[in-house]
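In: here is my input; please provide its structure:
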Amino acid sequence: MGTSWSARIVDAPPDSRAAIEAVLGRVIAQMSNWEEHSAISRFNAAPVGDWMPLPPDMMTVLRAGLDMARISGGAFDPAVGRLVEKWGFGPNGPTGLSVVPHHPSPWSVIEIEGDSARRTADVTLDFSGIAKGFAVDMVADTLRELGAAHFLVEIGGELRGQGVRPDLQPWWVDVEAPSGLSLPSLRIALCSLSVATSGDYRRFREEGGARLSHSMDPARGAPITNDVASVTVLHDSAMWADAWATAITVLGHDAGMTLATRHGIAACLIRRLQGRGQEYVTPALAAMLE
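Out: Model (predicted):
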């Protein structure tokens, strides 16, 4: 998945590491665009119009991704693989796929029937905005099944805290502030709670003096150009925190925070305004910080 993982477990059950690695291996085998023979790679390579049975975990993430696409009006889109590849953020780096027609709503041409799915146009799935969160949830579920009651799981900056630390303190985490902005860190206690952050400082590249973000705007067919520096979301589910953070980032300050507020999402957004940072929080997060 192109990132690292860690787990802090109080009184870790035997074979915890092996169990975690097995979960992550399953996620990679199903949802990694970097693996040629993964389920998602095979789905993307299948002829347009052909139905393909999907493994249960991948189907769960696909259904959640399509739900998030509907909620966000397509700002979150699990089928932006062609855009990700075109703009150089896929497994092969910049490919110059400018000849590929841009579909303004890629998610809308993904169909599901039972345990199978298909593409009805030449778009490809990319779960980079949701799969890490799902993996965090799966690792947490596995640890609970093994009998662990107190742990902190992290994959690529997405975290889930359960129970308390050995000193009976909650799992305190500091949310990384965007680079170049002098803002205090957001410190949160993860007690049966997950957190995910999307930011323009995590994956980007410079081209022609401009910063190109890895977050794609499906409507424009290009990286986002708004002033959002980062979005942090707290949620019961790391998968949904991951997806919401991406959607709010793409929508931008006004539309993103309005949508999050409407759905009772605990979110913090930071904008870059004339060289300084401006922080905004939804009512749900404000209530948690009181």
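In: pLDDT wise, what is residue 1 at?
Out: Looking at residue 1, its pLDDT is 75.
In: and residue 190, how many neighbours does it have?
Out: Residues lying near residue 190 (other CB atoms under 10 Å) number 19. No exception for glycine: its C-beta is placed from N, CA and C like everyone else's.
In: switch to numbering from 101
Out: With the count now opening at 101, the last piece we talked about shows up as residue 290.
In: and residue 287, helix, strand or coil?
Out: strand (DSSP: H, G, I helix; E, B strand; the rest coil).
In: show the pLDDT at it.
Out: Value for residue 287, per-residue pLDDT: 91.
In: quick one: contacts for the nearest residue to it once chain neighbours are set aside?
Out: Among residues not flanking residue 287 along the chain, residue 274 sits closest, at 5.2 Å (CB to CB, 6 or more residues apart in numbering). Residues in contact with residue 274 (CB atoms under 8 Å, 6 or more residues apart in numbering) are 285, 286, 287.
In: which parts of the helix or strand encompassing residue 274 are buried?
Out: Using DSSP states H and E, residue 274 falls within strand 271-275. Using 16 or more other CB atoms under 10 Å as the test for burial, strand 271-275 gives 271, 273, 275.
In: and the residues you listed as CSV, adding pLDDT and distance to residue 221?
Out: Shown next, in CSV, are the buried residues of strand 271-275 (pLDDT from 0 to 100; distance: CB to CB, whole Å):
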residue, pLDDT, distance to residue 221
271, 96, 44
273, 94, 41
275, 87, 38
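In: which of these sits closest to residue 209?
Out: residue 275 (35.6 Å; CB to CB).
In: what residues does stretch 376-390 touch?
Out: So stretch 376-390 is in contact with 277-278, 281-283, 288, 329, 334, 353, 357, 360-361, 364-371, going by CB under 8 Å, 6+ apart.
In: one more time with 6 Å, if that's ok
Out: 281, 283, 357, 360, 361, 364, 366, 367, 368, 369, 370, 371 (CB atoms under 6 Å, 6 or more residues apart in numbering).
In: stretch 122-133 too?
Out: 101, 138-140, 155, 157-158, 191, 226-227, 231, 235, 238-239, 242.
In: out of those residues, what pair is the most spread apart?
Out: 191 and 242 (27.1 Å).
In: which element, helix or strand, includes residue 333?
Out: strand 328-335.
In: tell me what angle the very next helix or strand once past that strand forms with strand 328-335.
Out: Next along the chain after strand 328-335, taking DSSP H and E as the criterion, comes helix 338-351. Using axes from the mean of the first three to the mean of the last three CA atoms, to 10 degrees, the direction of helix 338-351 lies 150 degrees away from that of strand 328-335.
In: run the chain-centre distance for helix 338-351.
Out: Its chain's average C-alpha position is 6 Å from that of helix 338-351, according to CA atoms, centre = their mean, to the nearest Å.
In: quick one: contacts of it?
Out: 168, 172, 175-176, 229-230, 232-234, 236-237, 258, 260, 294, 296, 298, 315, 317, 324, 328, 331, 333, 335, 356, 360, 365, 367.
In: one more time with 7 Å, if that's ok
Out: Residues outside helix 338-351 that contact it (CB atoms under 7 Å, 6 or more residues apart in numbering) are 164-165, 168, 172, 175-176, 229-230, 232-234, 236-237, 258, 260, 294-298, 315, 317, 324, 328, 331-335, 356-357, 359-360, 365, 367, 369.
In: go on, stretch 158-165?
Out: Contacts of stretch 158-165 (CB under 7 Å, 6+ apart): 130-131, 139-140, 154, 178, 212, 215, 217, 227, 230-231, 234, 339, 343.
In: cutoff 8 Å now
Out: Stretch 158-165 is contacted by residues 130-131, 139-140, 154, 176-178, 207, 210, 212, 215, 217, 225, 227, 229-231, 234, 339-340, 343 when judged by CB under 8 Å, 6+ apart.
In: which among these count as buried?
Out: 130-131, 139-140, 154, 176-178, 207, 210, 217, 225, 227, 229-231, 234, 339-340, 343.
In: so how far is stretch 347-363 off the chain centroid?
Out: That offset, for stretch 347-363, works out to 15 Å (CA atoms, centre = their mean).
In: just the mean pLDDT for it, thanks.
Out: Mean predicted confidence for stretch 347-363 is 97.
In: list the buried residues in that stretch.
Out: 347, 348, 349, 350, 351, 352, 353, 355, 356, 357, 359, 360.
In: show me where pLDDT drops low in the stretch 201-350 of the chain?
Out: Under the criterion pLDDT under 70, the flagged ranges of the stretch 201-350 of the chain are 201, 300-313.
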